[in-house]
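*Asks:* sequence and predicted structure below; questions after.
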Amino acid sequence: WKDPNNSAEKVTAFVEKRGPKLGYTFAYADDSQSYHAWMRAAGQAGIEESIAFLKAELETAEPVVERDPSARFAVWHRLSDKRSAVGSPYRYAVAFRDAAGPPNLNTASHQDLIRFFQATGYDASRARELAACVADWRDEDDVSTPGGAERTDYESAGRPFAPANAPFSDPSDFAELLCVTQQDVARVLPYLTVLGSGHININTAGAPVLASVPGVTREAALALVRKRDRETTLPSVFAVVGEISASSADSMLAAAADLSARLVTEVMELEMHSIGFTYAGQPHASVTALAVRRNTDVTINSRRITQ
């Protein structure tokens with residue numbers, strides 16, 4: 001991308017007119033390297049400023065957490081849709097999501113994926129097909145999982161690429177799967193992530209994600225969402241045992257050990273998506289990071305920059 005308002009002719013005219021008064025040497029390049037460096041810096045500034053904000057807010061909330069467990073959780077709500085300027089004409093916008101809210105394409109088991117796809121409305125056969133396609137994209141071999149698709153299948157379909165045979169680098173990679181349609185993308189993609197440990201937060205995960213956890217029925221998942229909407233935060237997945245049918249309660253209690261290991265109640269891992277851009281809305285840089293909280297300390301676990 002080249003700025004039409006920053007041509008060599010205009011730079012030359014500016015230097016001839018203003019150069020002697022400014023008192024420093026000018027350099028000009030038309031390959032946008034400086035521009036993209038600014039965009040990357042703006043995007044990364046969004047991450048760093050958000051980390052500083054988080055630490056300060058968590059330290060402020062900590063003294064009242066013992067008597068009000070929701071105080072720490074409220075910090076994450078105040079963080080939503082944060083915006084900040086970085087130095088005219090460059091800006092950044094930062095969006096946040098609990099990494100334990102959506103299912104992780106790279107860590108979810110084959111059976112977890114099947115349950116998730118069924119919870120989002122697919123029948124058992126289609127759910128198995130989608131899970132198999134995910135498995136074949138991320139595994140290291142070219143042997144097809146029953147119902148899935150490997151290199152030869154993509155070639156036969158005329159696709160210009162093959163499965164990565166490696167972990168998903170971005171949730172949008174889901175759209176590249178051979179068996180996935182645009183309707184599937186619209187239905188499923190908002191739930192997916194590739195970051196985090198794979199835990200599920202009962203206070204942020206959607207009902208389809210909760211229902212993908214062994215032991216949590218669809219009835220129980222919906223009850224959890226309704227109860228947290230009323231009470232803001234839930235102390236335990238078992239908080240709804242008295243509000244669901246005996247069969248759903250029995251299913252949950254029978255899986256108690258597994259649920260305790262897989263479910264969390266606080267935001268411990270946070271996805272951060274920061275975009276550096278200009279007021280004119282020209283090409284931008286995107287920075288995706290995973291922030292991990294330990295008490296009041298917040299550190300960056302991973303970071304990826306795209307432009």
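*Replies:* Yep, it's here. Residues are numbered from 1 along each chain as shown.
*Asks:* so how far is residue 289 from residue 36?
*Replies:* 19 Å (CB to CB, to the nearest Å). (Each C-beta comes from the backbone N, C-alpha and C, glycine too.)
*Asks:* cool, residue 61 as well?
*Replies:* 22 Å.
*Asks:* the two - which one has more neighbours?
*Replies:* residue 289 (24 against 18; other CB atoms under 10 Å).
*Asks:* and the more buried one, what are its bridge partners?
*Replies:* residue 272, residue 303 (DSSP bridges).
*Asks:* wait, isn't it in contact with residue 300?
*Replies:* Yes - the pair residue 289 and residue 300 qualifies as a contact (CB atoms under 8 Å) at a distance of 5.3 Å.
*Asks:* list residues touching both of these two?
*Replies:* residue 47 (CB atoms under 8 Å, 6 or more residues apart in numbering).
*Asks:* which residues in the stretch 1-150 of the chain form helices?
*Replies:* All helices of the stretch 1-150 of the chain, identified by DSSP state H, counting those that start in this stretch, fall at 8-22, 33-65, 70-79, 110-119, 124-138.
*Asks:* out of the ones you listed, nearest to residue 182?
*Replies:* helix 124-138 (14.0 Å; CB to CB).
*Asks:* buried sites along whichever helix or strand comes after the closest one?
*Replies:* Remark: after helix 124-138, the chain's next helix or strand is helix 151-156, criterion DSSP states H and E. Residues of helix 151-156 classed as buried: 151, 153, 154 (neighbour count, 16 or more other CB atoms under 10 Å).
*Asks:* what is the nearest of these to residue 259?
*Replies:* residue 153 (36.8 Å).
*Asks:* so the closest one makes contact with residue 147?
*Replies:* No - with contacts counted by CB under 8 Å, residue 153 stays clear of residue 147, the gap being 11.0 Å.
*Asks:* give me the distance from stretch 175-189 to the chain's centre.
*Replies:* Put simply, stretch 175-189 sits 17 Å off its chain's centre (CA atoms, centre = their mean, to the nearest Å).
*Asks:* tell me the average confidence for it?
*Replies:* Per-residue pLDDT over stretch 175-189 has a mean of 96.
*Asks:* now that stretch: buried residues?
*Replies:* Applying 16+ other CB under 10 Å to stretch 175-189 flags 176, 177, 178, 179, 180, 184, 185, 188 as buried.
*Asks:* same check, this time on stretch 255-263
*Replies:* In stretch 255-263, the ones that count as buried by 16+ other CB under 10 Å are 255, 259, 262, 263.
*Asks:* ok, which stretches of the stretch 201-307 of the chain are strands?
*Replies:* Along the stretch 201-307 of the chain, the segments classed as strands by DSSP state E, counting those that start in this stretch run 263-264, 269-278, 285-294, 297-306.
*Asks:* find the least confident helix or strand in this structure, judged by mean pLDDT.
*Replies:* strand 83-85 (a mean of 52; mean pLDDT, DSSP states H and E).
*Asks:* one step back: closest to residue 71 out of the buried residues of helix 151-156?
*Replies:* The closest of those, once distances to residue 71 are taken by CB to CB, is residue 154, at 50.1 Å.
*Asks:* alright, calling it a day.
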